[in-house]
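**Q** mind looking at a prediction? Sequence and model below.
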Amino acid sequence: MAQALDIDRWDLECEFNNTDHRTDLNGVDRLIVRRGQVFTISLYLRSGNYQPGVGSLDLVAETGPQPSEQYGTRASFGLSADIDTSRWSAAVTGPPGDTLTLSICAAPDAPIGRYTLTLGASGQIEFILLYNPWCPDDAVYMDNEKSLEEYVLSQDGIIFRGSSKHPIATPWNFGQFESGILDICLRILDMNPKCLRNPGKDYSGRRNPIYVSRVLSAMVNCNDDKGVLLGRWTDDYEGGVSPMFWRGSVEILRNWDSQACQPVRYGQCWVFAAVACSISRALGIPCRVVTNYFSAHDTNGNLVIEQGESSLGPKLMVCIISKRNYHCWLESWMTRPDLKSEFNGWQASDPTPQEKSEGVYCCGPIPVRAIKEGDLMFKYDALFVFSEVNADVVTFRKNKDGSTSQVYSTAVVGQKISTKSVGSDAREDITHLYKYPEGSDEEREAFKKANHQNKLLHQQQNPGLHVTIKVTSDMSKGCDFDVFAVVTNNTQSEKKCRLLFGSCAVSYSGVTGGNCGFKDLLNVELPPGGGQPSHQRRVALRLNYSKYGALLTEDNLIRLGALLLDYTTKESTLAVRNIVLENPEIKVRILGEPKVNRKLAAEITLQNTLPVQLDNCCFTIEGANLTGGCVISETLNSSVGPGEDAKVKIYFTPSHSGLRKLVVDFNSSKLSHVKGYRNVIIGK
């Protein structure tokens with residue numbers, strides 16, 4: 001008869017196991033492992049020696065407040081001759097004696113979270129179990145080491161903002177391995193309403209990354225629960241800070257945790273998506289932040305964005321198109337056993353609260369492949385995501401007599417869908433993953449499948465008169481510059497028309513502000529022709545900093561609109577373009593050789609390119625494993641005049657080797673939230 005091992009003490013070998021399981025950046029003071037992968041602990045026997053087939057050990061692994069074998073939150077197993085990585089198993093892998101090496105493996109579909117492991121009658125050990133994208137039997141398995149480095153292990157990244165014509169790389173500190181962040185992520189799961197209602201069922205659901213991704217989509221916003229962030233899309237940030245204030249997820253998550261799960265104020269789409277990305281990577285789900293330019297918001301499910309305006313004044317130029325300049329969401333990598341295998345891979349989910357899904361403000365996960373193919377019957381929220389990248393925009397003008405007429409527009413929803421490239425800060429265009437080429441047979445088939453009849457039937461022809469908007473390259477904040485409306489006559493007859501050319505400040509979400517400049521030309525005459533330069537009219541609109549400077553939002557966006565009215569045919573043609581004004585460049589120079597645990601100085605410089613003085617200038621830096629999980633600030637004692645440099649030295653101490661991104665933010669009375677970064681290679 002086998003005798004139970006009499007265990008005196010044990011060593012969890014945290015440094016070895018955590019390093020082997022790629023969790024060592026969380027620290028090595030406790031055991032953090034991944035499912036479907038062996039970890040080892042050392043057992044020291046109080047008496048006797050272990051002999052194979054003689055000594056026995058009953059082990060019980062449990063997670064959650066109501067462990068149950070029925071729910072899969074409790075597993076009982078004993079010693080085996082060999083480890084079986086397809087289930088919970090244990091084996092003695094060292095030589096017989098009074099000190100044993102016990103190898104243990106969690107099932108590759110076990111629920112993630114905090115565990116206790118009972119070692120017979122000798123006691124319990126505690127550990128945290130995470131998803132394992134390196135394990136072929138795990139639902140989040142990804143067979144590409146460089147992609148895993150990017151989508152799971154990388155603690156910093158790039159989120160693309162700006163405009164489709166001028167994407168701007170915004171640095172972000174995801175910081176998923178910073179001290180305390182993993183515990184906060186697990187607390188977020190515990191605070192979700194499904195867990196509060198039925199913890200046993202919720203903990204069981206954590207075996208499934210589909211379930212967890214949907215929970216995170218709901219919990220990153222606070223609209224239905226004790227979620228992390230409160231959204232705000234106006235200029236009023238009373239009681240909190242502008243979404244532009246954040247440089248990373250760490251401060252947001254720590255604030256939520258320290259403030260008794262009260263929502264952090266405030267977030268917008270890129271902040272919601274970035275925080276969800278940090279949590280997902282912390283739990284072991286490969287993920288990335290995606291930006292969709294000219295993103296639509298279809299509220300009635302007909303795949304058509306209807307818009308109109310009743311006046312022919314400056315407001316028409318800025319309000320007639322209300323699509324968001326861009327919108328950010330999250331993609332997570334996983335299998336979809338509930339669907340065909342072709343829908344495995346990237347799944348889109350969106351934690352920004354827009355529309356309710358199953359009664360809750362969340363969205364996804366939906367296979368990106370389903371969006372491309374027009375398979376909109378799949379859960380979750382396929383129709384909504386499809387409309388964000390494919391909805392048709394129909395614009396109407398209300399005439400003085402009360403009638404309406406359609407305005408021809410070349411506006412296309414879903415442009416330059418972007419994410420950070422693997423292993424570099426370059427932009428990767430992934431539009432082809434969401435859409436077939438415009439006008440292709442495959443696109444037509446996807447639209448038929450999606451029942452997108454308006455897109456199929458409404459084939460607008462290019463009218464005889466055409467208008468486009470051209471810009472120059474010198475559009476920096478603080479400068480005066482020209483933009484141009486170019487009108488072309490493609491007909492064989494002379495044309496007389498009216499041109500309204502206007503501009504206004506606009507936020508990324510489409511909220512428009514004051515008029516930055518406007519022209520109304522009543523008699524634009526064009527000779528007949530076929531689009532040759534001699535049959536074009538180029539109209540300049542001067543944008544002066546003295547007028548637009550005080551109107552700009554923190555997004556530095558100006559919307560341009562040109563409406564052309566043909567007096568003969570009564571047809572209207574509209575061109576809309578968003579431009580983003582460049583902030584001055586932040587220059588970062590590292591002084592000294594970057595080494596682990598050695599203090600470093602960063603010399604940070606910004607030139608004042610505005611024609612006004614900058615007051616209350618402050619630089620801040622933050623970086624994963626660079627600044628100790630904190631934000632370091634340095635304020636200038638004096639003002640900075642036009643053309644002068646703002647310069648500081650900020651000291652920090654790296655805690656780990658490797659490539660790290662130092663995220664920099666500059667604020668002053670006239671220049672708010674100017675972002676920059678510097679990649680730093682830290683030696684051992």
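**A** Noted; the coordinates are in hand.

**Q** strands along the stretch 151-300 of the chain, start to end?
**A** 156-162, 167-173, 229-231, 264-267, 287-295 (DSSP state E, counting those that start in this stretch).

**Q** any idea which of those is most buried?
**A** strand 287-295 (a mean of 26; mean count of other Cβ atoms under 10 Å). Backbone N, C-alpha and C define where each C-beta goes, glycine included.

**Q** could you list the paired strands of it along with their orientation?
**A** Paired strands of strand 287-295, with direction, are strand 324-334 (antiparallel), strand 415-420 (antiparallel) (DSSP bridges).

**Q** got the contact list for the strand of greatest length in the chain?
**A** Ordering each strand of the chain by length in residues (DSSP state E) puts strand 512-526 first. Residues from elsewhere that reach strand 512-526 (Cβ atoms under 8 Å, 6 or more residues apart in numbering): 314, 317-319, 465, 487-489, 494-507, 535-537, 539, 541-544, 547-548, 551, 553, 558-559, 564.

**Q** now render the strands of the stretch 151-300 of the chain as TSV, adding distance to Leu186 and mean pLDDT.
**A** As requested, the strands of the stretch 151-300 of the chain are exported to TSV (distance: least, Cβ to Cβ, whole Å; pLDDT from 0 to 100):
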stretch	distance to Leu186	mean pLDDT
strand 156-162	22	96
strand 167-173	20	96
strand 229-231	18	97
strand 264-267	18	98
strand 287-295	17	95
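
**Q** of those, which approaches Ser80 most closely?
**A** strand 287-295 (34.8 Å; Cβ to Cβ).

**Q** so that closest one versus strand 167-173, what angle?
**A** 150 degrees (axes from the mean of the first three to the mean of the last three Cα atoms, to 10 degrees).

**Q** go ahead and produce CSV holding the CA coordinates of strand 287-295.
**A** Presented in CSV, the C-alpha positions along strand 287-295 are these (Å, rounded to 0.1, in the frame of the first residue of the first chain):
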residue,chain,number,x,y,z
CYS,A,287,-3.7,41.5,-28.4
ARG,A,288,-3.2,44.8,-30.2
VAL,A,289,-4.8,48.3,-30.5
VAL,A,290,-6.3,49.1,-33.9
THR,A,291,-7.2,52.5,-35.4
ASN,A,292,-10.0,52.9,-38.0
TYR,A,293,-9.9,56.2,-39.8
PHE,A,294,-13.3,57.7,-40.9
SER,A,295,-15.1,55.3,-38.6
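
**Q** please work out the angle formed by the directions of it and strand 156-162.
**A** Using the same axes, to 10 degrees: strand 287-295 against strand 156-162 is 0 degrees.

**Q** residues near Pro133, how many?
**A** 26 (other Cβ atoms under 10 Å).

**Q** and it, how far from Lys194?
**A** 24 Å (Cβ to Cβ, to the nearest Å).

**Q** cool, Asp615 as well?
**A** 50 Å.

**Q** these two: which is more packed in?
**A** Lys194 (18 against 12).

**Q** skip the chain neighbours and tell me the closest residue to the more buried one.
**A** Asp202 (4.8 Å; Cβ to Cβ, 6 or more residues apart in numbering).

**Q** can you check Cys135 too?
**A** For Cys135, the spatially nearest residue (Cβ to Cβ, 6+ apart) is Gly36, at 3.6 Å.

**Q** pretty sure the one you found sits in a strand.
**A** No - counting by DSSP: H, G, I helix; E, B strand; the rest coil, Gly36 falls outside a strand, being coil.

**Q** quick check: it touching Ala106?
**A** Yes - assessed by Cβ atoms under 8 Å, Gly36 is found in contact with Ala106 at 6.8 Å.

**Q** ok, the two, which is more surrounded?
**A** Ala106 (28 against 22).

**Q** how far away is the more buried one from Gly200?
**A** Taking Cβ to Cβ, one finds Ala106 at 19 Å from Gly200.

**Q** just Gly414 next, same as before
**A** 42 Å.

**Q** Phe77 now?
**A** From Phe77 to Gly200 the distance is 21 Å (Cβ to Cβ).

**Q** then Trp172?
**A** From Trp172 over to Gly200 (counting by Cβ to Cβ), the distance is 36 Å.

**Q** Gly414 and Gly200: which has the busier surroundings?
**A** A side-by-side neighbour count of Gly414 and Gly200, using other Cβ under 10 Å, places Gly414 first with 24 against 16.

**Q** excluding its backbone neighbours, what's nearest the more buried one?
**A** Nearest to Gly414 is Val389, by Cβ to Cβ, 6+ apart, at 3.3 Å.

**Q** show me what the helix or strand where the one you found lies is packed against.
**A** Val389 belongs to helix 382-390 when assigned by DSSP states H and E. With contacts taken as 3 or more Cβ pairs under 8 Å, 6 or more residues apart in numbering; DSSP states H and E, helix 382-390 sits against strand 287-295, helix 368-373.

**Q** tell me, how many residues neighbour Leu433?
**A** Here the number of neighbours of Leu433 (other Cβ under 10 Å) works out to 17.

**Q** for Gly561, same thing?
**A** 27.

**Q** likewise for Asn144?
**A** Number of residues near Asn144 (other Cβ under 10 Å) recorded here: 13.

**Q** if I pick it, what's in contact with it?
**A** Per Cβ under 8 Å, 6+ apart, neighbours of Asn144: none.

**Q** and it, backbone torsions?
**A** phi -160, psi 110 (degrees, to the nearest 10).

**Q** that one and Asp566, how far apart?
**A** Following Cβ to Cβ, the distance that separates Asn144 from Asp566 is 54 Å.

**Q** can you check Glu69 too?
**A** 75 Å.

**Q** which of the two has more neighbours?
**A** Per other Cβ under 10 Å, whichever of Glu69 and Asp566 has more neighbours is Asp566, with 18 against 11.

**Q** touching, the more buried one and Leu465? I think so.
**A** Yes - with contacts counted by Cβ under 8 Å, Asp566 reaches Leu465, the gap being 5.5 Å.

**Q** shared neighbours of the two, anything?
**A** Contacts common to Asp566 and Leu465, judged by Cβ under 8 Å, 6+ apart, are 495, 497, 573.

**Q** now, these that are in strands?
**A** 495, 497, 573.

**Q** my guess is Cys617 contacts Ala646, does it?
**A** Yes - taking Cβ under 8 Å as the definition, Cys617 is a contact partner of Ala646 at 4.9 Å.

**Q** residues shared between the contacts of the two?
**A** In contact with both Cys617 and Ala646: 636, 640, 666, 668, using Cβ under 8 Å, 6+ apart.

**Q** list just the nearest of the residues you listed to Asn578.
**A** Among the shared contacts of Cys617 and Ala646, and counting by Cβ to Cβ, the member closest to Asn578 is Phe666, at 23.7 Å.

**Q** any idea how many residues pack against Leu659?
**A** 11.

**Q** any idea how far it lies from Pro528?
**A** For Leu659 relative to Pro528 (Cβ to Cβ), the value is 61 Å.

**Q** what of Leu614?
**A** 54 Å.

**Q** which one of those two has more residues nearby?
**A** Using other Cβ under 10 Å as the criterion, Leu614 and Pro528 rank with Leu614 on top: 21 against 13.
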